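Student: Attaching a predicted model along with its sequence, questions to come.
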Amino acid sequence: MTNEELWEAALAELELNLSGPNFKTWFSQTSVLKRENRLIEIGCPTSYSRGRIEQRHYHQVKKVLDRLTKEENELIFSVDTSPKLPEKPFGPLFAEKKGLRKGIGLFPNYTFENFVVGGCNSLAHAVALAIVDKPGRAYNPVFFYSGVGLGKTHLIQAIGNEILTKRQNLSVLYCTGESFTNELLDSIQSGHRKTTAKFREKFRKTDVLLIDDIQFIAGRETTQEEFFNTFNALYMAKKQIILTSDKPPREIAKLEERLSSRFVGGMIADIQSPDFDVRVAILRNKAQALKVDIPDEVIDTIAEGVSTNIRELEGTFHQVLTYAQTQHLELTPETVIKILGDNFKKQKTAATPKKIIQTVCTYYTVKPKALKGKRRPKEIVRPRQVVMYLLRNLTELSLEQIGELLGGRDHTTVMYGIKRIEKLVEENLQIREQVNVVKQQICG
Ligand code: ADP
Ligand code: MG
């Protein structure tokens, strides 16, 4: 009997002896990790569940295992957080009750384990962990936004999966703004009251609602009305609501004010483009997952060439692998450049943060030290904002890192400064010229 078979048989028996909710709560995601010299190690998903099982069910578990193995065993319980598929059935009886563990719309391969964290997404990641820790109680609602391909879907799916694993009494529902809209319209078109009631129940009875790309509902009256009511019902019941979008709430065109004001009432976290180190880490992870050996220089070359979008980064990576394999080419940085064409050769600017600060200071005749100071006289504010703007546009620094460089200013200040210059560059010819001149001096 393998460990797996042993545990499956034990669970089937235990399930008969324990009340349904007890069994479900404490024994799903457990396993026999090791069996040696009459010592059986049982893995539990959390230290909490381990404590519970050990204290309350030790004798029941031992009795069953002793009988099945026809031996007197010692049991030890340990925490085993390795991910298991949420729907893993534990034998026939448990399988029948599988529907009890609700995770709708989740893909098990989006996890925290394979989500690389760096400056670009550390806030969003921290918020995500806090949600998993206290669904509905840490931050509610939560709104993540970023450009395409930067990890919003991955992150909220990971939240859903992790909640399912750690808190088996909670139900999770993932859905895109688009399918929310379509399902609603279908239910209305069917003309049956029951269908709309079912739709409402589905969205209002969940403990955790994840709506991806909520911007889709903007401009659609019926959908926004329905979502507003769904939102309120869940919010009042202290259920966790998590939304993503390509823009912050206030910038979504045609989104009703009553919705955007609710969204900004919660926690908002953005995800920025990944810096070089994060891109390298993501590619290394990929290579490892695919069990392929790829030279560091090759990974670096790809990471250097694709900087804005992780989906594109992954796409390029696969493209290179496939091509090199089918053409029997050795993987070198040169092959990568050959495969991906000359465009790919990054127009590497010589823009270092130091050079940017120096050039701006010389141009505006201010001292670098003044830029970092706490004071904000007029003559300093503009050059400081130009530095923020150029650091953002010419380097891979995050808002936080830019703030650090400028005397420990926080990222909202930096964001404000950048926005200010962006606006001026558009509207004011003089500023546009200034910025262009400085830019040319920096990039050569
Ligand atoms: P978005 O929803 O913001 O458009 P996705 O979540 O679909 O972006 O991410 C695009 C791809 O990049 C996915 O394959 C995802 O797994 C991957 N990805 C995004 N962010 C990360 C990250 N921090 N670590 C690892 N992979 C990531
Ligand atoms: Mg997405």
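Tutor: Arrived safely, thanks for sending. Numbering: from 1, shown residues only. Ligands and ions are numbered 1, 2, ... in the order given.
Student: need the contact list for Thr359.
Tutor: Contacts for Thr359 (Cβ atoms under 8 Å, 6 or more residues apart in numbering) come out as 438, 441-442. The way it works is simple: take the backbone N, C-alpha and C, and place the C-beta from them, glycine included.
Student: typo on my end, it should be Leu243
Tutor: Applying Cβ under 8 Å, 6+ apart, one finds that Leu243 lies in contact with 141-144, 210-211, 214, 263.
Student: That one belongs to a strand?
Tutor: Yes: Leu243: assigned to a strand according to DSSP: H, G, I helix; E, B strand; the rest coil.
Student: Distance check, the closest residue to it other than its chain neighbours against ligand 2.
Tutor: The shortest distance from Leu243 to any non-neighbouring residue, by Cβ to Cβ, 6 or more residues apart in numbering, is to Ile214 (4.5 Å). In this structure, Ile214 and ligand 2 are 11 Å apart, going by Cβ to the ion, to the nearest Å.
Student: Could you measure from Ile214 over to Thr244?
Tutor: For Ile214, the distance to Thr244 (Cβ to Cβ, to the nearest Å) stands at 7 Å.
Student: how close does the residue in the stretch 101-250 of the chain that ligand 1 sits nearest to get to Val127?
Tutor: For the stretch 101-250 of the chain, the residue positioned closest to ligand 1 under Cβ to the nearest ligand atom is Gly151, at a distance of 2.6 Å. Gly151 sits 13 Å away from Val127, going by Cβ to Cβ.
Student: same question, Phe317
Tutor: On the measure of Cβ to Cβ, Phe317 and Val127 end up 28 Å apart.
Student: swap in Thr413?
Tutor: Noted for Thr413: a distance of 20 Å to Val127, by Cβ to Cβ.
Student: Would you mind telling me which of those two has more residues around it?
Tutor: Regarding Thr413 and Val127, a neighbour count based on other Cβ atoms under 10 Å identifies Val127 as having more, with 21 against 16.
Student: Just the pLDDT at the more buried one, thanks.
Tutor: Note for Val127: predicted pLDDT of 97.
Student: Equivalent analysis for Ala287, please.
Tutor: As summarised for this prediction, Ala287 has a pLDDT of 93.
Student: Around it, count how many other residues there are.
Tutor: Applying the criterion other Cβ under 10 Å, we find 17 residues in the vicinity of Ala287.
Student: can you list contacts of stretch 186-195?
Tutor: Residues external to stretch 186-195 that are found in contact with it (Cβ under 8 Å, 6+ apart): 196, 198-199, 222.
Student: Now the terminal residues of that stretch, how far apart.
Tutor: With Cα to Cα, to the nearest Å applied, stretch 186-195 spans 9 Å between its terminal residues.
Student: Tell me where the model's unsure across the stretch 201-350 of the chain.
Tutor: Filtered on pLDDT under 70, the stretch 201-350 of the chain yields the residue ranges 342-350.
Student: ok, which residues in it are in contact with ligand 1?
Tutor: The stretch 201-350 of the chain comes close to ligand 1 at residues 282, 310-311, 314, as judged by Cβ under 6 Å from any ligand atom.
Student: most surrounded residue in those residues?
Tutor: Neighbour tally across these (other Cβ under 10 Å): the maximum, 24 neighbours, falls on Ile310.
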